[in-house]
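Trainee: Quick one, fold the following:
(one chain, ligands or ions: 1)
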Amino acid sequence: MKSTDVIIVGGGVIGSLIAYYLHDYGIRSTIVERDGIGSQASGGAAGLFNPIMPSGTPEFFTEFAIESHKLHSRLAESLISETGVDYHYGPISVVRLAFSDNEIQEQINEYKRLESLSLNPRLLNGTDLFNYSEWLSPDVKSLLITDYEAQVEPYQLMIALAQSLEKRSCRLMTGDVIKILTNNTGSNGIKLKNGNVLYADRVVLANGPWINSFSTYIGSNLPIKPIRGQILKLRTPIKLPPYWISYGKGYIAPKLAGHVIAGTTEEDVGFFRETTEEASLSIMNSVLKISPVMHDATLLEATACLRPVSSKDNLPFLGTIPHIPNLYIAAGHGKKGILLSAATGKYMAQLIATGTADWDLAPYSIQRLNSP
Ligand SMILES: Cc1cc2nc3c(=O)[nH]c(=O)nc-3n(C[C@H](O)[C@H](O)[C@H](O)COP(=O)(O)OP(=O)(O)OC[C@H]3O[C@@H](n4cnc5c(N)ncnc54)[C@H](O)[C@@H]3O)c2cc1C
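Mentor: Got it, this is the predicted structure:
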């Protein structure tokens, strides 16, 4: 007997936002999560919404990120007032640093690219840097600044989502899904490790880097792997300016909640989520290069979590599983899953509810694996 309309495997930001938007179509969903809602990368991420993709990114993907950025701004208005959970959504400028002549040239090229995208970047050097001298390394030669980004506290966002989902009659269930059930019409349920089964009209696989535990149903092993990222939570002696300051993989970001975060690493170490001293030291080295003020910072916490990285083309996998009707996938959002979650949720919900989505999801189909 059917117990819900749609089962969503995985209670990260992707699964939660699919459930959130499914409610707009009057569809009841059950999220089955084996750990806790937002307990993996979705709750432990840095929380930057930066839709400016690296050069070479397909235009359609940048447009998807921009759409998601806009949706998040609307979502924050309704979600925060509906639940009373302030997840500190707010704009933040991103400041990129250059120390060498080569890096200055790269910044000039990037400035031109961002200008051609009408993003109004600013390039500062020489005496312009004086205003930043209280905290910026004296070795910095130029700054490239954009004012297009926003940020959130990801764990608080997940709490707001969980509260809103409960009000929307979405069931949040603890369970480790080990099997997708099928009948002659396609997928119709799941089986849990404890032997329980749950039936539904449709099943969505939104379990991040663990997606390949369902490769038998998907038809092949997807090129998605866990890439560990570590972050330090710090208290700084002076209040840092409201900028997300980045250099290479290193960044320092003052959060609206009052602390500062510093990151990060990209480690191909399988499903190990432990923090390491080596990573903390490497992050602190990057941070000290950015700002000598960080010498006197106090470490509050170190965390590690796993990005679901799509190693073939950096694009997530969104859509149907063609050979099993009523089975869907939404996984592989890499370094920008918090940002991409709103558009993923909205258009996946529309696809599930109506059979088509207003946004073209074809480039994210698993069928692209068949093309060279
Ligand atoms: C250090 C770091 C910093 C980041 N910073 C940013 C950022 O600033 N901006 C941004 O946009 N993105 C950022 N990201 C990326 C972002 O966190 C991820 O892309 C996003 O959280 C992926 O969401 P998800 O729901 O697909 O996966 P997850 O959050 O991993 O959720 C998947 C869930 O599925 C559950 N699950 C797995 N298998 C099963 C099963 N068999 N049965 C039941 N449940 C199961 C897991 O327990 C998990 O909770 C960052 C990531 C890291 C690691």
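
Trainee: Need phi/psi at the residue of the chain most remote from its centre.
Mentor: Distance from the C-alpha centroid of the chain peaks at Thr127, with 36.8 Å (C-alpha atoms, centre = their mean). Note on Thr127: its backbone torsions stand at phi -70, psi -20 [degrees, to the nearest 10].

Trainee: Show me the chain divided up by domain.
Mentor: Following the assignment in automatic domain parsing, the chain carries domains at 6-84+154-223+312-370, 92-145+225-310.

Trainee: Make JSON lines out of those and add mean pLDDT.
Mentor: Formatted as JSON lines, those follow (pLDDT from 0 to 100):
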{"stretch": "domain 6-84+154-223+312-370", "mean pLDDT": "97"}
{"stretch": "domain 92-145+225-310", "mean pLDDT": "94"}
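
Trainee: Which stretch among those is buried most, on average?
Mentor: Among those, domain 6-84+154-223+312-370 has the highest mean neighbour count (mean count of other C-beta atoms under 10 Å), at a mean of 19. Bear in mind the C-beta positions are built from the backbone N, C-alpha and C, glycine included.

Trainee: And that one, how far out from the chain middle?
Mentor: Domain 6-84+154-223+312-370 has its C-alpha centroid displaced from the chain centroid by 11 Å (C-alpha atoms, centre = their mean, to the nearest Å).

Trainee: Is there any residue in it that contacts the ligand?
Mentor: Yes: Domain 6-84+154-223+312-370 is in contact with the ligand by C-beta under 6 Å from any ligand atom, via 9-15, 32-35, 39-42, 45-48, 176-177, 206-208, 210, 213, 331, 333-339.

Trainee: In helices, which of those appear?
Mentor: Val13, Ile14, Gly15, Ala41, Ser42, Gly337, Ile338, Leu339 (DSSP state H).

Trainee: Could you point out which of the residues you listed is nearest to the ligand?
Mentor: Of all these, the ligand sits closest to Gly337, with 2.0 Å by C-beta to the nearest ligand atom.

Trainee: Can you show me the strands along the stretch 201-350 of the chain?
Mentor: Assigned by DSSP state E, counting those that start in this stretch, the strands in the stretch 201-350 of the chain fall at 202-205, 224-235, 243-247, 250-254, 260-263, 298-310, 317-320, 327-331.

Trainee: Specify the angle between the second one and strand 250-254 in degrees.
Mentor: It stands for strand 224-235. In terms of direction (axes from the mean of the first three to the mean of the last three C-alpha atoms, to 10 degrees), strand 224-235 departs from strand 250-254 by 50 degrees.

Trainee: Which other helices and strands does strand 224-235 contact?
Mentor: On a contact count with 3 or more C-beta pairs under 8 Å, 6 or more residues apart in numbering; DSSP states H and E, strand 224-235 meets strand 260-263, helix 277-290, strand 298-310.

Trainee: hang on, the earlier thing: next one: the residue farthest from the centre of the chain from the ligand, what distance?
Mentor: Noted for Thr127: a distance of 32 Å to the ligand, by C-beta to the nearest ligand atom, to the nearest Å.

Trainee: which residues touch that residue?
Mentor: Contact analysis of Thr127 by C-beta atoms under 8 Å, 6 or more residues apart in numbering lists nothing.

Trainee: And it, how close does it get to Arg235?
Mentor: Distance, Thr127 to Arg235, by C-beta to C-beta, to the nearest Å: 32 Å.
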